[in-house]
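Engineer: Sharing a sequence plus its predicted fold:
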Amino acid sequence: MAPELPKPDIRPQLRKLVEWYDDVLERIASGALVEPGVAERLKEQREFAARHLELLETDEESSQATE
């Protein structure tokens with residue numbers, strides 16, 4: 001049996017992706033003409049992205065505290 005390899009920490013890449021997604025949503029919301037209901041969905045998506053960024057930050061802080 002092969003030894004289990006340590007899993008890479010992908011949180012920095014995930015953070016960049018979620019930040020990029022939030023930036024795209026912000027740009028769309030600030031200047032785009034959207035159909036009815038789209039603005040609400042954009043707001044929900046931005047809240048979703050913000051929540052994930054908070055979770056990533058909390059997880060990174062807790063892993064640094066244990067090191």
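Structural biologist: Yep, that arrived.
Engineer: contacts, neighbours, all on C-alpha from now
Structural biologist: Fine.
Engineer: Looking at the chain, which helix is longest?
Structural biologist: If you go by DSSP state H, the chain has its longest helix at helix 38-66.
Engineer: so how far is that one from its chain's centroid?
Structural biologist: 5 Å (CA atoms, centre = their mean, to the nearest Å).
Engineer: quick one: average pLDDT of it?
Structural biologist: Helix 38-66 carries an average pLDDT of 82.
Engineer: Can you give me the buried ones in that helix?
Structural biologist: Neighbour-count burial for helix 38-66 flags 39, 42, 46, 49, 52-53, 56 (criterion: 16 or more other CA atoms under 10 Å).
Engineer: Stretch 7-26 now?
Structural biologist: 15, 18-19, 22, 25.
Engineer: For those, give me a markdown table that also has distance to Ser63.
Structural biologist: Shown next, in a markdown table, are the buried residues of stretch 7-26 (distance: CA to CA, whole Å):
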| residue | distance to Ser63 |
| --- | --- |
| Arg15 | 15 |
| Val18 | 20 |
| Glu19 | 21 |
| Asp22 | 24 |
| Leu25 | 29 |
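Engineer: quick one: which of those residues is nearest to Glu35?
Structural biologist: Checking those against Glu35 with CA to CA, the nearest one is Leu25 at 14.9 Å.
Engineer: Let me see the contact set for the closest one.
Structural biologist: 42, 45-46 (CA atoms under 8 Å, 6 or more residues apart in numbering).
Engineer: swap the cut-off to 7 Å and go again
Structural biologist: 42, 46 (CA atoms under 7 Å, 6 or more residues apart in numbering).
Engineer: Val24 now?
Structural biologist: Contacts of Val24 by CA under 7 Å, 6+ apart: none found.
Engineer: Give me the spatial nearest neighbour of the residue nearest to the spatial centre of the chain, chain neighbours excluded.
Structural biologist: Taking CA atoms, centre = their mean, the centroid of the chain lies closest to Val18, which sits 2.9 Å from it. In this structure, Val18 finds its nearest non-sequential neighbour in Ala49, 6.1 Å apart by CA to CA, 6 or more residues apart in numbering.
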